[in-house]
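Peer 1: Need a 3D model of the following:
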Amino acid sequence: MPKQSAMTNAVIITNEMRKKAIELMPAAQSSAEAEEIRYSFFKASQAWLRVQGCKSFSEAKMTAKKAQKRLKSLFMIAQGVVAEDGHIITADCWEEILEHFNQDFTCKSPHH
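Peer 2: Next up is the predicted model:
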């Protein structure tokens, strides 16, 4: 039995999705930068205070990673790229982006 490709989870990127991604890019960029600054602050504070990990530090790190992933996903969608470097745009990924930016789900992409 052939191994099922991860690409079967990928969405078909429509022109509507590309336009929405381009529209959301500035907000995603700002969000990613803000979260990275917040994470850097926690990292510096942690070193200065000599504390071993704390909940806020871990949350800041995860939030910064999510913001970067969201930005990369939007960039890929804007280019019409479904998969890159092991990163795949799925329907769940697109819905999470729309939800994060308080967008409606009318521009859901059909599944492959």
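Peer 1: drop to CA atoms for contacts and neighbour counts, all remaining ones
Peer 2: Noted.
Peer 1: what packs against the longest helix along the chain?
Peer 2: When the chain is parsed with DSSP state H, its longest helix is helix 15-49. Applying 3 or more CA pairs under 8 Å, 6 or more residues apart in numbering; DSSP states H and E, we find helix 15-49 packed against helix 55-79.
Peer 1: What's the local residue count around residue 15?
Peer 2: A count of nearby residues for residue 15, using other CA atoms under 10 Å, gives 13.
Peer 1: Over to the one 4 residues further on?
Peer 2: By other CA under 10 Å, the residues close to residue 19 number 12.
Peer 1: Now it: closest residue in space, sequence neighbours ignored.
Peer 2: Spatial nearest neighbour of residue 19, chain neighbours left out: residue 78 (6.9 Å); criterion: CA to CA, 6 or more residues apart in numbering.
Peer 1: Next one: residue 14 from residue 80, what distance?
Peer 2: Using CA to CA, to the nearest Å, we find residue 14 at a distance of 8 Å from residue 80.
Peer 1: Which residue lies nearest the spatial centre of this structure?
Peer 2: Averaging the C-alpha coordinates of the chain gives a centre point, and the residue nearest to it by CA atoms, centre = their mean is residue 70 (1.6 Å).
Peer 1: who's in contact with that one?
Peer 2: 28, 97 (CA atoms under 8 Å, 6 or more residues apart in numbering).
Peer 1: Ok, the one 10 residues further on next?
Peer 2: Residue 80 makes contact with 13, 14, 18 under the criterion CA under 8 Å, 6+ apart.
Peer 1: ok, of those, which come out buried?
Peer 2: Those of the contacts of residue 80 that meet the buried threshold are 13, 14, 18, by 16 or more other CA atoms under 10 Å.
Peer 1: quick one: which of these is nearest to residue 93?
Peer 2: Nearest to residue 93 out of the buried ones among the contacts of residue 80 is residue 13 (CA to CA; 12.2 Å).
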